[in-house]
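J.: structure of the sequence below:
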Amino acid sequence: MMMPPAKVTEANRAAVLDVKLDLLAMPEAVETIVEAALAGNSLTCSCVGMHTFLSAQGDLRIRALLDHIDLKLIDSTPVFWYLRCAGYANARKIRGQDLMNAVWQRCSEQGLSVFLYGSSEKTLTLLKQRAQVKYPNLAIVGCKPGRYRQLSEEEVQQDVDDIVQSGADIIWAGLGSPRQDS
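T.: Residues are numbered from 1 along each chain as shown. Next comes the predicted model:
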């Protein structure tokens, strides 16, 4: 894991059910992701929903996965309101879909490429078609649907090899939680 992004400080972090969250607004989150990609730095990011919060309480494996994500954003209305009521005026809810659109806009402006990993072949095709209309300069350099089962080590390695060979600057995982957080 790399050092926390520069925009992430203790002043904009909070813990809910012992899960540390980064309280960035959308522009800061997008800039953090894009800056890491432009610099060629590794950065993991997750929009953490309520199911993941609750799962992390009873499953140490999920908790460990969350602990190793560099940037954890709030994608849960109850968690957002809890933090606001607890005095964190800088808490922001960032839906994964909204973050994806904002990052893709910046990627299309900056010449950064993306790889889509997960979901179904049909969904990936539709997503790619819509992205090409909305962001004509966005380079989608690869797509690979998810498989709704435990993958063998060979399959995992093939997926990693395919993603690396694509040369993508940013990888979007749509595997469902907690699989995409690992």
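
J.: low-confidence ranges, the chain, go.
T.: 1-9, 176-182 (pLDDT under 70).

J.: buried residues, the helix or strand harbouring residue 141. List them.
T.: Element membership of residue 141, judged by DSSP states H and E, is strand 139-144. Buried positions in strand 139-144, judged by neighbour count with 16 or more other Cβ atoms under 10 Å: 139, 140, 142, 143, 144. Bear in mind the C-beta positions are built from the backbone N, C-alpha and C, glycine included.

J.: contacts only, for the fourth one.
T.: With contact taken as Cβ atoms under 8 Å, 6 or more residues apart in numbering, residue 143 is in contact with 115, 116, 117, 124, 125, 128.

J.: of those residues, buried ones?
T.: For the contacts of residue 143, buried by 16+ other Cβ under 10 Å: 115, 116, 117, 124.

J.: show me where the protein has its strands.
T.: Listed in chain order, the strands of the chain (DSSP state E) span 13-16, 19-22, 45-48, 71-74, 113-118, 139-144, 170-174.

J.: using PDB, list the CA coordinates for the fourth one.
T.: Okay, so that is strand 71-74. What follows is strand 71-74, C-alpha atoms only, in PDB (Å, rounded to 0.1, in the frame of the first residue of the first chain):
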ATOM      1  CA  LEU A  71      -9.000   5.900  -0.400                       C
ATOM      2  CA  LYS A  72     -12.300   4.900   1.200                       C
ATOM      3  CA  LEU A  73     -15.200   7.200   0.300                       C
ATOM      4  CA  ILE A  74     -18.700   7.200   1.800                       C
END
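
J.: the closest residue to residue 94 other than its chain neighbours - how many residues pack around it?
T.: In this structure, residue 94 finds its nearest non-sequential neighbour in residue 73, 4.5 Å apart by Cβ to Cβ, 6 or more residues apart in numbering. Residue neighbour count, defined by other Cβ atoms under 10 Å, stands at 24 for residue 73.
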